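Asker: could you work out the structure for the sequence below:
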Amino acid sequence: MFDFQIMEEGFLDTLGAIGDGLDKIIIVGGWCPYLYAKYLWRKEIPNIPTTTDMDIGVLETGSLGFEQTVYEKLLAAGLAVERIYDEEPFPIEFVYKKKEFEMKVEFITSFLTTDDTLNRFWAVLWLVTALRPSRFCSRILPR
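Answerer: Model prediction:
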(Lines give C-alpha, C1' and ligand atoms only; values in the text may rest on other atoms or scores of the structure.)
Protein backbone atom coordinates (compact mmCIF):
# COMPACT_ATOMS: atom_id res chain seq x y z
CA MET A 1 0.00 0.00 0.00
CA PHE A 2 1.20 3.52 -0.69
CA ASP A 3 0.89 6.71 1.33
CA PHE A 4 -1.47 8.96 -0.61
CA GLN A 5 -0.11 12.08 1.11
CA ILE A 6 3.39 11.32 -0.25
CA MET A 7 1.89 10.55 -3.65
CA GLU A 8 0.05 13.89 -3.79
CA GLU A 9 3.16 15.69 -2.58
CA GLY A 10 5.15 14.09 -5.40
CA PHE A 11 2.49 15.10 -7.91
CA LEU A 12 2.49 18.73 -6.71
CA ASP A 13 6.31 18.87 -6.43
CA THR A 14 6.61 17.69 -10.02
CA LEU A 15 4.16 20.33 -11.23
CA GLY A 16 6.00 22.95 -9.18
CA ALA A 17 9.27 21.99 -10.86
CA ILE A 18 7.72 22.60 -14.29
CA GLY A 19 7.00 26.16 -13.12
CA ASP A 20 6.46 28.63 -15.96
CA GLY A 21 5.69 25.76 -18.32
CA LEU A 22 2.45 24.80 -16.57
CA ASP A 23 0.34 26.63 -19.14
CA LYS A 24 1.87 24.38 -21.82
CA ILE A 25 0.75 21.06 -20.32
CA ILE A 26 -2.48 19.21 -19.60
CA ILE A 27 -2.87 16.67 -16.81
CA VAL A 28 -4.47 13.54 -18.23
CA GLY A 29 -5.15 10.06 -16.94
CA GLY A 30 -5.92 8.76 -13.49
CA TRP A 31 -5.24 11.96 -11.56
CA CYS A 32 -8.13 13.83 -13.20
CA PRO A 33 -11.01 12.52 -11.02
CA TYR A 34 -9.08 13.35 -7.85
CA LEU A 35 -8.12 16.85 -9.05
CA TYR A 36 -11.67 17.66 -10.11
CA ALA A 37 -13.11 16.47 -6.80
CA LYS A 38 -10.60 18.20 -4.54
CA TYR A 39 -9.78 21.43 -6.38
CA LEU A 40 -12.77 22.20 -8.60
CA TRP A 41 -15.75 20.68 -6.82
CA ARG A 42 -14.11 21.02 -3.38
CA LYS A 43 -15.73 17.76 -2.38
CA GLU A 44 -14.18 14.97 -0.34
CA ILE A 45 -14.78 11.66 -2.08
CA PRO A 46 -13.52 8.65 -0.10
CA ASN A 47 -11.42 6.15 -2.05
CA ILE A 48 -11.60 8.13 -5.27
CA PRO A 49 -9.65 6.25 -7.92
CA THR A 50 -6.30 7.55 -9.08
CA THR A 51 -3.08 6.07 -10.40
CA THR A 52 0.47 5.87 -9.11
CA ASP A 53 1.96 7.48 -12.20
CA MET A 54 1.60 10.94 -13.68
CA ASP A 55 0.54 11.49 -17.30
CA ILE A 56 1.23 14.92 -18.77
CA GLY A 57 -0.07 16.01 -22.18
CA VAL A 58 2.20 18.42 -24.02
CA LEU A 59 0.74 21.42 -25.85
CA GLU A 60 2.37 22.96 -28.90
CA THR A 61 4.70 25.83 -27.92
CA GLY A 62 6.14 26.62 -31.34
CA SER A 63 9.16 28.87 -31.38
CA LEU A 64 8.71 30.32 -27.88
CA GLY A 65 11.98 30.45 -25.98
CA PHE A 66 12.36 29.17 -22.41
CA GLU A 67 15.17 29.84 -19.97
CA GLN A 68 15.20 26.20 -18.90
CA THR A 69 13.66 23.18 -20.56
CA VAL A 70 11.30 20.89 -18.66
CA TYR A 71 13.98 18.22 -18.88
CA GLU A 72 16.46 20.51 -17.10
CA LYS A 73 13.85 21.60 -14.53
CA LEU A 74 12.92 18.05 -13.57
CA LEU A 75 16.57 17.06 -13.27
CA ALA A 76 17.23 20.13 -11.08
CA ALA A 77 14.24 19.22 -8.89
CA GLY A 78 15.85 15.87 -8.15
CA LEU A 79 13.66 13.56 -10.18
CA ALA A 80 15.46 10.38 -11.13
CA VAL A 81 16.03 9.43 -14.75
CA GLU A 82 15.68 5.74 -15.56
CA ARG A 83 16.03 3.74 -18.72
CA ILE A 84 12.87 1.99 -19.85
CA TYR A 85 14.77 -0.92 -21.39
CA ASP A 86 17.90 -2.21 -19.64
CA GLU A 87 19.66 -3.04 -22.89
CA GLU A 88 19.03 0.39 -24.53
CA PRO A 89 20.12 3.86 -23.35
CA PHE A 90 16.91 5.47 -24.64
CA PRO A 91 14.08 6.16 -24.11
CA ILE A 92 14.16 7.23 -20.49
CA GLU A 93 11.51 8.28 -18.02
CA PHE A 94 11.48 10.56 -15.01
CA VAL A 95 10.64 9.05 -11.63
CA TYR A 96 9.72 10.95 -8.46
CA LYS A 97 11.17 9.04 -5.48
CA LYS A 98 10.54 9.59 -1.80
CA LYS A 99 11.00 6.99 0.92
CA GLU A 100 9.71 3.74 -0.59
CA PHE A 101 7.33 5.57 -2.95
CA GLU A 102 8.08 5.94 -6.68
CA MET A 103 5.91 7.72 -9.25
CA LYS A 104 6.69 7.62 -12.96
CA VAL A 105 6.18 10.83 -14.90
CA GLU A 106 5.16 10.23 -18.50
CA PHE A 107 4.75 12.80 -21.27
CA ILE A 108 2.23 12.41 -24.08
CA THR A 109 2.57 14.28 -27.37
CA SER A 110 1.16 14.14 -30.83
CA PHE A 111 3.29 12.83 -33.66
CA LEU A 112 2.57 16.26 -35.18
CA THR A 113 4.33 18.12 -32.36
CA THR A 114 6.90 20.41 -33.95
CA ASP A 115 10.64 20.20 -33.50
CA ASP A 116 10.53 23.70 -31.98
CA THR A 117 8.34 22.42 -29.15
CA LEU A 118 10.44 19.32 -28.61
CA ASN A 119 13.73 21.23 -28.62
CA ARG A 120 12.95 24.59 -27.01
CA PHE A 121 10.41 23.60 -24.35
CA TRP A 122 11.11 19.94 -23.63
CA ALA A 123 14.72 19.61 -24.84
CA VAL A 124 15.49 15.96 -25.41
CA LEU A 125 11.87 14.87 -25.21
CA TRP A 126 12.42 12.30 -27.93
CA LEU A 127 14.62 10.53 -25.38
CA VAL A 128 11.81 10.52 -22.84
CA THR A 129 8.63 8.47 -22.82
CA ALA A 130 6.65 11.07 -24.74
CA LEU A 131 6.74 9.46 -28.14
CA ARG A 132 5.92 5.89 -27.17
CA PRO A 133 2.96 5.01 -29.40
CA SER A 134 1.37 2.94 -26.64
CA ARG A 135 0.97 6.12 -24.57
CA PHE A 136 -0.22 8.36 -27.40
CA CYS A 137 -3.85 9.36 -27.73
CA SER A 138 -4.65 12.04 -30.31
CA ARG A 139 -8.08 12.71 -28.79
CA ILE A 140 -6.52 14.10 -25.61
CA LEU A 141 -4.60 16.99 -27.12
CA PRO A 142 -6.17 19.83 -29.11
CA ARG A 143 -5.24 20.21 -32.76
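Asker: quickly find the element holding the residue nearest to the spatial centre of the chain.
Answerer: For the chain, the residue sitting closest to the mean C-alpha position, by C-alpha atoms, centre = their mean, is Ile56 at 3.7 Å. Element membership for Ile56 (DSSP states H and E) is strand 53-58.
Asker: what are the pairing partners of that strand, and which direction each?
Answerer: If you go by DSSP bridges, strand 53-58 pairs up with strand 25-28 (antiparallel), strand 101-108 (parallel).
Asker: so, low pLDDT: which residues of this structure?
Answerer: Along the chain, segments meeting pLDDT under 70 span 1-2, 64-65, 119-143.
Asker: just to revisit the earlier point, which stretch among the strands paired with strand 53-58 is buried most, on average?
Answerer: Across the strands paired with strand 53-58, averaging neighbours per residue (mean count of other C-beta atoms under 10 Å) puts strand 101-108 on top, at a mean of 20. Backbone N, C-alpha and C define where each C-beta goes, glycine included.
Asker: so how far is it from its chain's centroid?
Answerer: Taking the mean of its C-alpha atoms, strand 101-108 sits 6 Å from the chain's own mean (C-alpha atoms, centre = their mean, to the nearest Å).
Asker: next one: stretch 93-112
Answerer: From the chain centre to the centre of stretch 93-112 is a distance of 6 Å (C-alpha atoms, centre = their mean).
Asker: ends of that stretch, what's the gap?
Answerer: With C-alpha to C-alpha, to the nearest Å as the measure, stretch 93-112 spans 21 Å from end to end.
Asker: can I get the strands paired with strand 53-58 in a markdown table with distance to Gln68?
Answerer: Below are the strands paired with strand 53-58 laid out as a markdown table (distance: least, C-beta to C-beta, whole Å):
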| stretch | distance to Gln68 |
| --- | --- |
| strand 25-28 | 15 |
| strand 101-108 | 16 |
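Asker: wait, the residue nearest to the centre of the chain touches Val28, no?
Answerer: Yes. Using C-beta atoms under 8 Å, Ile56 is in contact with Val28, at 7.2 Å.
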